[in-house]
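K.L.:
model the structure of this input:
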Amino acid sequence: MGRLAHLSIVFPHEKAGCGFAGFGSVNGGISWVPADGGADQTVLVHEFGHNFGYPHHMKTNCSDSDLASCKDSEDISHKTPMGGGTAAAGLTAPELLSSKWLSGREVVKVGKSGTYKLQSLYGPGTGVRALDIPVGDDRLVVELRNASGTLDKNIQGVHAYRVPKSDYRNARLVDVTPKSSEKPNGDALAKGATLTDKAHKVEVEVVESSGGQATVAVSLNGEPAPAQSTAAADHEAQSGDSKPDVANAANNGSKGDDSSSDNLAVTGGDSSTMLPAAAGGAALLVIGGGFLLRSRRRRTATARHGR
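P.N.:
Have a look, this model is predicted:
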């Protein structure tokens with residue numbers, strides 16, 4: 001493989017007779033995709049996601065908007081290619097944070113009560129694209145999704161993710177309406193929706209959500225959030241160094257880009273460019289029957305996907 005750290009091998013299924021649609025090495029460098037008349041793009045993107053260290057993306061159901069009541073579900077999130085979102089879905093904010101693919105000014109690591117304006121995670125313009133909020137030993141990441149080109153056409157609204165002990169790769173989508181979540185974006189947090197954790201004195205409210213912007217109020221330690229939006233100048237003071245506390249940062253093999261002038265989440269691309277664009281410009285090369293992606297090597301485990 002030389003200097004290439006990732007190799008996706010596409011081979012004729014009719015000759016191999018494999019019983020899986022894709023087989024990827026988690027945090028490793030190789031994935032295998034049996035092709036039936038052509039490689040499926042969703043499978044390719046999904047298996048590359050495993051190579052980058054992302055597991056399957058699931059939900060946690062929280063009754064009465066109470067974060068203390070959350071119970072992990074076997075339902076997939078549909079908010080990322082790693083959770084049944086197909087190749088037309090972008091990665092979630094926690095996945096981007098785990099690989100340091102959001103710049104310092106695109107994420108606020110909330111340290112005190114405040115009201116924030118969110119830009120769409122993959123939309124145009126500049127501004128805050130994710131809030132990273134402490135909830136006891138865990139974190140709560142809040143993002144806004146909206147269509148950008150053909151990317152995220154089926155994903156809209158404000159979404160929150162519970163991050164166990166700062167392990168961003170294992171974040172789960174918070175679903176407070178599991179009965180209606182089968183509807184498109186039924187698990188999005190509507191205007192006026194509130195997430196609370198009384199034990200840790202945390203409250204998150206969606207004040208407004210429309211198009212490519214949302215306003216989110218965060219109350220910490222029982223202190224009400226101010227009504228006005230937190231000014232950009234106040235962002236640095238509240239977010240500290242703006243870097244997420246990634247539990248496995250030493251092993252994720254991805255170089256962060258903390259340049260304040262970069263907007264790594266802005267793609268405006270389509271589903272065919274989603275993974276490279278979200279990866280801050282990593283190059284996806286097509287060479288014969290193999291698909292090669294440049295990155296650093298990581299320790300290897302495997303994930304297998306049946307047909």
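
K.L.:
state the pLDDT value of A160.
P.N.:
A160 is assigned 98 on the pLDDT scale.

K.L.:
which SS class is it?
P.N.:
strand (DSSP: H, G, I helix; E, B strand; the rest coil).

K.L.:
name the helix or strand for the residue nearest to it when sequence neighbours are not counted, please.
P.N.:
Sequence neighbours aside, V174 is the residue nearest to A160 in space, at 4.3 Å (criterion: Cβ to Cβ, 6 or more residues apart in numbering). The way it works is simple: take the backbone N, C-alpha and C, and place the C-beta from them, glycine included. Assigned by DSSP states H and E, V174 belongs to strand 172-175.

K.L.:
swap in T115?
P.N.:
strand 114-119.

K.L.:
given the strand holding V174, what are its sheet partners and their directions?
P.N.:
Applying DSSP bridges, strand 172-175 is found paired with strand 58-61 (parallel), strand 157-163 (antiparallel).

K.L.:
neighbours of the residue nearest to A160, just the number please.
P.N.:
Neighbourhood size, V174 [other Cβ atoms under 10 Å]: 24.

K.L.:
which residues does it bridge with?
P.N.:
Here V174 sits in beta bridges with T60, going by DSSP bridges.

K.L.:
let me have the strands paired with strand 172-175 in TSV, adding mean neighbour count and distance to G84 as columns.
P.N.:
Shown next, in TSV, are the strands paired with strand 172-175 (neighbours: other Cβ atoms under 10 Å; distance: least, Cβ to Cβ, whole Å):
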stretch	mean neighbour count	distance to G84
strand 58-61	21	10
strand 157-163	24	15
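
K.L.:
so can I have TSV of these showing distance to I9?
P.N.:
Shown next, in TSV, are the strands paired with strand 172-175 (distance: least, Cβ to Cβ, whole Å):
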stretch	distance to I9
strand 58-61	28
strand 157-163	32
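
K.L.:
now stretch 44-57: average pLDDT?
P.N.:
Here stretch 44-57 scores 86 as its mean pLDDT.

K.L.:
for P164, what are phi and psi?
P.N.:
phi -70, psi 120 (degrees, to the nearest 10).

K.L.:
for H50, same thing?
P.N.:
Here the main-chain torsion angles of H50 (degrees, to the nearest 10) amount to phi -60, psi -40.

K.L.:
from D72, how far off is it?
P.N.:
Separation of H50 from D72 (Cβ to Cβ, to the nearest Å): 20 Å.

K.L.:
who's more crowded, those two?
P.N.:
More crowded of H50 and D72, by other Cβ under 10 Å: H50, with 24 against 12.
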